[in-house]
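**Student:** Here's a sequence, model it:
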Amino acid sequence: MGRYRPPQPKQSPYITRAGYLRLEAESKSLWVRRRDVTKALAAAAAEGDRSENAEYIYRKKELRELDRRIRYLQKRLPELKVVDTVPSNPEQIFFGALVELEGEDDNPVTYRIVGPDEFDPERGWISMDAPLARALLKRSVDDEVRVQTPSGERRYWVLSVTYPVD
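**Tutor:** You can find the predicted model right below:
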């Protein structure tokens, strides 16, 4: 069997202002970290036999991972579109919305719809490319939302919609 993997679907290019600033800061810090790793790699290479030099092997791997992330950010940052305006109808759910939902079990949950580069499940931030977020877009308070999940269909009711200021 070959190693072919089909290309990933294109991610949405939208991001919040705070998310964009975080990615820019990460990019700058990676360049600083790369400089330190390069110095450590040169010192490890000067020790002699590289085939059995654990420090050299570790630093090469670390440098490769840093370069991969730097390359990704260099390609991704220019194509991102910062969304920092509240939509004309703040009653509807759009990008950046903080949405409170009630599930079938009557427990309220809160999600914020953000770009794919800044989603964070622990904070309740979901990517706008996620099935739940796509089902929520353009809905309003008191709407019922049905989402197909791997465990079956789930129903939610929209309790509130707000747009936090970052």
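**Student:** Helix, strand, or coil at the residue nearest the centre of the chain?
**Tutor:** In the chain, the centroid-proximal residue (C-alpha atoms, centre = their mean) is Asp117; its distance is 2.7 Å. Here Asp117 is recorded as coil under DSSP: H, G, I helix; E, B strand; the rest coil.
**Student:** Now the phi/psi pair for it, please.
**Tutor:** phi -90, psi -10 (degrees, to the nearest 10).
**Student:** And it, how far from Asp84?
**Tutor:** Noted for Asp117: a distance of 15 Å to Asp84, by C-beta to C-beta, to the nearest Å. Yep, even glycine has a C-beta here, placed from its N, CA and C like the rest.
**Student:** ditto for Ser29
**Tutor:** Ser29 is 23 Å from Asp84, by C-beta to C-beta.
**Student:** Ok, Val99 next?
**Tutor:** 18 Å.
**Student:** more neighbours, the two?
**Tutor:** When neighbours are counted by other C-beta atoms under 10 Å, Val99 and Asp84 differ, and Val99 comes out ahead with 24 against 12.
**Student:** partners of the helix or strand containing that one, with directions?
**Tutor:** Secondary structure assignment for Val99, by DSSP states H and E: strand 98-103. If you go by DSSP bridges, strand 98-103 pairs up with strand 108-114 (antiparallel), strand 152-162 (antiparallel).
**Student:** mind listing the strands for this structure?
**Tutor:** Here the chain has its strands, by DSSP state E, at 14-15, 81-82, 98-103, 108-114, 125-127, 144-149, 152-162.
**Student:** possible to save those as a markdown table with distance to Leu73 and mean pLDDT?
**Tutor:** A markdown table is the format used below for the strands of the chain (distance: least, C-beta to C-beta, whole Å; pLDDT from 0 to 100):
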| stretch | distance to Leu73 | mean pLDDT |
| --- | --- | --- |
| strand 14-15 | 12 | 94 |
| strand 81-82 | 15 | 95 |
| strand 98-103 | 27 | 95 |
| strand 108-114 | 17 | 95 |
| strand 125-127 | 18 | 95 |
| strand 144-149 | 31 | 92 |
| strand 152-162 | 30 | 94 |
